[in-house]
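# Mind looking at a prediction? Sequence and model below.
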Amino acid sequence: MKKLVHPLSLIVFLSFVIGASLLSRGHQWGDDFAWYILQAQSIWNGTVDEFMEQSVFTNTQSTTHLGPLVYPWGYPLILVPVYALKGISPLALKLPALFFYVGFLVCLYFLVKDRPSTRPTPALRRARSAGASVGQSGQAPACA
């Protein structure tokens, strides 16, 4: 009998649907998300030097250490096209993370699909030991 749906397709589809259903139009502006958007905005506007000056000022004038002067530039570079198309739209700016998550699932599948399990599960160990203890008679030993 032929498989109707490949397991990878099902996992990717369900993960995408669940992830998309959990997205919201708003955002709680704590954490690093705002700073990533500011970095993306500075890349798009060509004001990276001004962004760096603002970051240095913010960190040196604060009573507590807020974080690094700049975050790694990879994620802001990913956000630049979204920012260019939609501006500061929290929902749109969350979409790249969802797409990268789905891409991660695909990569993980291809990474592990041909790898055998290195450690057998406890149930498999019990089955192997029970099979090994079946003697010439073909009868399994009685449980105590």
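That came in fine, so what should we check first?
# what about the helices in the protein?
7-22, 33-45, 48-61, 74-86, 90-112, 122-133 (DSSP state H).
# So which residues make contact with the fourth one?
Outside helix 74-86, the residues within contact range by CB atoms under 8 Å, 6 or more residues apart in numbering are 36-37, 39-41, 43-44, 89, 92-93, 95-96, 100. C-betas here are computed from N, CA, C, even on glycine.
# How many residues are close by residue 122?
Here the number of neighbours of residue 122 (other CB atoms under 10 Å) works out to 8.
# same question, residue 94
Using other CB under 10 Å, residue 94 is surrounded by 19 other residues.
# what's it in contact with, if anything?
Applying CB under 8 Å, 6+ apart to residue 94 gives the contacts 23, 27.
# let's see 6 Å
Shown in contact with residue 94 (CB atoms under 6 Å, 6 or more residues apart in numbering): residue 23.
# Return the alpha-carbon coordinates of stretch 37-51 using PDB.
C-alpha atoms of stretch 37-51 as PDB (Å, rounded to 0.1, in the frame of the first residue of the first chain):
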ATOM      1  CA  ILE A  37      14.200  46.000  14.600                       C
ATOM      2  CA  LEU A  38      16.200  49.200  15.200                       C
ATOM      3  CA  GLN A  39      19.200  47.500  13.800                       C
ATOM      4  CA  ALA A  40      17.300  46.400  10.700                       C
ATOM      5  CA  GLN A  41      15.900  49.900  10.300                       C
ATOM      6  CA  SER A  42      19.400  51.400  10.500                       C
ATOM      7  CA  ILE A  43      20.600  49.000   7.800                       C
ATOM      8  CA  TRP A  44      17.700  49.900   5.500                       C
ATOM      9  CA  ASN A  45      18.100  53.700   6.100                       C
ATOM     10  CA  GLY A  46      21.900  53.600   5.900                       C
ATOM     11  CA  THR A  47      22.300  55.000   9.400                       C
ATOM     12  CA  VAL A  48      24.300  52.300  11.000                       C
ATOM     13  CA  ASP A  49      26.800  54.800  12.400                       C
ATOM     14  CA  GLU A  50      24.100  56.800  14.100                       C
ATOM     15  CA  PHE A  51      22.600  53.600  15.500                       C
END
